[in-house]
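Enquirer: Sequence below, structure please.
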Amino acid sequence: MKTDEEWRKLLDPQQYQVTRHAATERPFQNAYAEITPRASTAASAATTLCIPPTTKFESGTGWPSFWAPIAKENIFVSADNSLGMSRDEVSCRLCDAHLGHVFDDGPQPTGLRYCMNSASLRFVPAKKV
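Expert: Down below sits the predicted model:
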């Protein structure tokens with residue numbers, strides 16, 4: 001566990017706001033909404049592998065979307081009742097970073113849409129995994 005000051009030094013301002021305070025990037029104005037990286041995805045605040053790029057799909061939402069996590073044990077899902085709505089928040093189990101939300105309107109085989117913030121993700125080259 002890191003102190004708030006340690007997180008501020010480790011992350012850029014947007015990464016800090018998204019991962020530590022559950023902020024959300026603007027749609028269509030983030031790094032990974034329209035590209036499919038060829039690497040594994042980790043929380044920007046940790047090295048836990050959370051989202052595989054092979055599950056990325058174009059959701060039309062303006063945020064990078066995936067139909068499955070790498071391993072469910074690397075994330076946790078909790079209730080988010082902020083902003084006057086009920087959603088399922090996705091966080092990194094290792095560093096407690098806010099990653100985004102999961103919805104039940106995704107493609108098969110899971111039917112899920114993990115709607116992630118680019119600022120909460122860091123792509124790790126597959127050969128380093």
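
Enquirer: Just the CA trace of the longest helix that the chain contains, in PDB.
Expert: Longest helix of the chain, by residue count under DSSP state H: helix 13-21. What follows is helix 13-21, C-alpha atoms only, in PDB (Å, rounded to 0.1, in the frame of the first residue of the first chain):
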ATOM      1  CA  PRO A  13      -2.400  13.900 -12.800                       C
ATOM      2  CA  GLN A  14      -5.000  12.100 -15.000                       C
ATOM      3  CA  GLN A  15      -3.900   8.600 -13.900                       C
ATOM      4  CA  TYR A  16      -4.000   9.700 -10.300                       C
ATOM      5  CA  GLN A  17      -7.500  11.200 -10.600                       C
ATOM      6  CA  VAL A  18      -8.900   8.100 -12.400                       C
ATOM      7  CA  THR A  19      -7.200   5.300 -10.400                       C
ATOM      8  CA  ARG A  20      -7.200   6.900  -6.900                       C
ATOM      9  CA  HIS A  21     -10.400   8.900  -7.000                       C
END
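
Enquirer: For it, which outside residues touch it?
Expert: 4, 7-8, 11, 23-25, 43-45, 95, 97-99, 117, 119-120 (CB atoms under 8 Å, 6 or more residues apart in numbering). Every residue, glycine included, has its C-beta placed from N, CA and C.

Enquirer: if we go to 7 Å?
Expert: Helix 13-21 is contacted by residues 7-8, 11, 23, 25, 44-45, 97-98, 117, 119-120 when judged by CB atoms under 7 Å, 6 or more residues apart in numbering.

Enquirer: For PyMOL, write the select line for the buried members of the residues you listed.
Expert: With 16 or more other CB atoms under 10 Å as the criterion, this PyMOL line picks the buried residues out of these:
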select buried, resi 7+11+25+44+45+97+98+117+119+120
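
Enquirer: As a markdown table, the contacts of helix 13-21 with secondary structure would be great.
Expert: Converted to a markdown table, the contacts of helix 13-21 look like this (DSSP: H, G, I helix; E, B strand; the rest coil):
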| residue | secondary structure |
| --- | --- |
| 7 | helix |
| 8 | helix |
| 11 | coil |
| 23 | coil |
| 25 | coil |
| 44 | coil |
| 45 | coil |
| 97 | coil |
| 98 | strand |
| 117 | coil |
| 119 | helix |
| 120 | helix |
